[in-house]
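> What follows is a predicted protein model with its sequence.
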Amino acid sequence: MDNRYVMLSAFGQDRPGIVATLAEGLYHLNCNIEDTCMTRLRDEFAMMLLVRLPAGLAPDQLADRLTPKTGPLGLTLLCREVPLQTATDTSTRQAPNLMLSVYGADRPGIVAAVTRVVADHGGNITDLNTRVIGSPDRPVYAMVLEIHMPGGAQSEAFQAALERLKPTLRVDITLQPIESVQL
């Protein structure tokens, strides 16, 4: 079967050359990297790749075929087949239309509370990044979310729910529309 896709996840201790090694390994297997997202979390590395497989390479073979290259890096690889329709749908119907920023003292529950409000108001989080910034004696928790809200509407109920979180979580929350770029 042609045009088979997998979601490949790779994670392990960060070090130089991980991305190059994965990319080279996929290239030598005649795979095509369609989409990718990678980050470093403290001293740990995490990457997700949507990969189109060549004819003759089964989804359950990919991780094993990459191990000779990635094994020395101590990476853990996980692979899951993605349905053709999902992998090839490049429509923008789920494009983010809102940016939500949260800043405050680091404490448990910030991500849970904010993401629950988004979900309860019909929003789909398309990207989420968090970091502890500032100095060790004054850490600040920073979270940025890209959200697809149906119709792009910033409903009063959603805004009110976010406002109620501010004193509860002792954070600053800013909600802004993401401007569409028309080419």
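Now that the structure is in, tell me what you want to look at.

> Give the partner strands of the helix or strand harbouring Met99 in its sheet and their orientations.
Per DSSP states H and E, Met99 falls inside strand 98-105. Each strand that pairs with strand 98-105, with its direction, by DSSP bridges: strand 138-148 (antiparallel), strand 171-177 (antiparallel).

> ok, then the element right after that strand?
Using DSSP H and E, the helix or strand that follows strand 98-105 towards the C-terminus is helix 110-120.

> List the buried residues of that following helix.
Going by neighbour count (16 or more other Cβ atoms under 10 Å), the buried part of helix 110-120 is 110, 113-115, 117-118. For glycine as for every other residue, the C-beta is placed from the backbone atoms N, C-alpha and C.

> can you redo these as TSV with distance to Gln159 and pLDDT?
Listed next are those as TSV, based on distance: Cβ to Cβ, whole Å; pLDDT from 0 to 100:
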residue	distance to Gln159	pLDDT
Ile110	18	95
Ala113	15	96
Val114	13	96
Thr115	16	95
Val117	10	95
Val118	12	94
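
> any idea which of those residues is closest to Pro139?
Ile110 (12.4 Å; Cβ to Cβ).

> Grab the nearest non-local neighbour of the closest one.
In this structure, Ile110 finds its nearest non-sequential neighbour in Leu169, 5.5 Å apart by Cβ to Cβ, 6 or more residues apart in numbering.
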